[in-house]
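[1] What follows is a predicted structure for the sequence shown.
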Amino acid sequence: MTQTPSPTTPPEAVRPQRVVITGADSGIGKAAAVALAAPGRHIAITWHEDDDGAERTAAEVREHGATAYVRRLDLTRPEAGTEVVDELAGAMGGVDALVMCSGTGSSTLLVDMDPATWREVVDVDLTGAFHCLQAAARHMIAAGDGGRIVAVTSVHEHAPRVGAGPYCAGKGGLGLLVKVAALELAEHGITVNAVAPGEIATPMTGQEDTSAVQDNERVGIPVARPGDAREVAAVVAFLCGPEAGYVNGASWPVDGGMLTMGPMAGSHLTGHDWRRP
């Protein structure tokens, strides 16, 4: 007879004092690092190309009373995720929460897709995330104190986009990886969830973090504007905290209602521009 496992730590008791945030040099990752910073906390920030941006994030984290750690992470070599998470766990004395914000994309039709581009996007968005998740989960299990894992996916975890084949495949795969991890890690007091942003005013969408989002009209989004990275970070911070102890295996769209527009957009489009990236 199989014995029902008993969680080592009640998930609601988890308070993330040691947090690793990948891709925190700008955008959603930066906003999440600042949202989670508080006196006594240890916030680890990774960057790929923008070391100055990472240092600016670290400065804001320190202004909130937290200790900041900065490391370069290049997930085009996915196993680097394991190496860097392990290193940061050693530096901080463990990991209580992992927030995965690293990501990249493409804008090419599938019939024109270069296999090298496909591999790079999927390596960063999915395989690299697996390595980070696995490493963090192992540290959390060994410590026996539970934990939080949050993957920042995209609305394209749930809905396709022309020209974004590897991005959609990577984010869709990451969404299901979150669900599998949520099942497997719950007995250890670890919750695993996704946050699925729509268009957010960040460098990745060709905008600045400081964009006045209310001035950028988007007729296809019910709230009629892009999102602010801090609006996504607020959901990430909730999912990392003790109040989210009963949230597990979920994907939270933060998209201004974009995903609800399928039938409306389909009935109101007047041209074929959508067929090209």
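    All right, it came through fine. Residues are numbered from 1 along each chain as shown.

[2] thinking residue 145 is in contact with residue 189, fair?
    Yes - under the criterion of Cβ atoms under 8 Å, residue 145 makes contact with residue 189 at 7.3 Å. In this view, the C-beta of every residue, glycine as well, is placed from N, C-alpha and C.

[3] From the neighbour counts alone, determine which of these two ranks first.
    Neighbour totals were compared for residue 145 and residue 189, and residue 189 leads with 23 against 18 (other Cβ atoms under 10 Å).

[4] In this protein, where is pLDDT below threshold?
    Low-confidence segments of the chain, defined by pLDDT under 70: 1-12, 203-214.

[5] all helices for it, in order.
    When secondary structure is read from DSSP state H, the chain shows helices at 27-36, 51-63, 80-92, 115-122, 128-143, 165-185, 229-240, 262-268.

[6] Compare those and report which one is nearest to residue 16.
    With Cβ to Cβ as the measure, helix 229-240 is the member of the helices of the chain nearest residue 16 (5.0 Å).

[7] rewinding a little: and the helices of the chain as a markdown table, adding mean neighbour count and distance to residue 150?
    Below are the helices of the chain laid out as a markdown table (neighbours: other Cβ atoms under 10 Å; distance: least, Cβ to Cβ, whole Å):
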| stretch | mean neighbour count | distance to residue 150 |
| --- | --- | --- |
| helix 27-36 | 27 | 8 |
| helix 51-63 | 17 | 17 |
| helix 80-92 | 19 | 14 |
| helix 115-122 | 16 | 20 |
| helix 128-143 | 21 | 10 |
| helix 165-185 | 20 | 9 |
| helix 229-240 | 22 | 5 |
| helix 262-268 | 10 | 26 |
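
[8] Residue 105 is nearest to which of those?
    Nearest to residue 105, of all the helices of the chain, is helix 165-185, at 4.0 Å by Cβ to Cβ.

[9] and residue 15, how far is that from residue 25?
    26 Å (Cβ to Cβ, to the nearest Å).

[10] okay, the two: which has more neighbours?
    residue 25 (27 against 14).

[11] Quick one: residues contacting the more buried one.
    With contacts defined as Cβ atoms under 8 Å, 6 or more residues apart in numbering, residue 25 is in contact with 45, 47, 48, 49, 50, 51, 53, 54, 56, 57.

[12] Kindly recompute the last result at 6 Å.
    With contact set as Cβ atoms under 6 Å, 6 or more residues apart in numbering, residue 25 has these partners: 47, 50, 53, 54.

[13] can you check residue 75 too?
    If a contact means Cβ under 6 Å, 6+ apart, then residue 75 has 81, 102, 124, 128 as its contacts.

[14] try 10 Å
    22-23, 46, 48, 81, 84, 100, 102-104, 120, 123-129, 131-132 (Cβ atoms under 10 Å, 6 or more residues apart in numbering).

[15] do residue 117 as well
    104, 105, 106, 108, 165, 166.

[16] how near is the third one to residue 38?
    As defined by Cβ to Cβ, residue 106 lies at a distance of 37 Å from residue 38.
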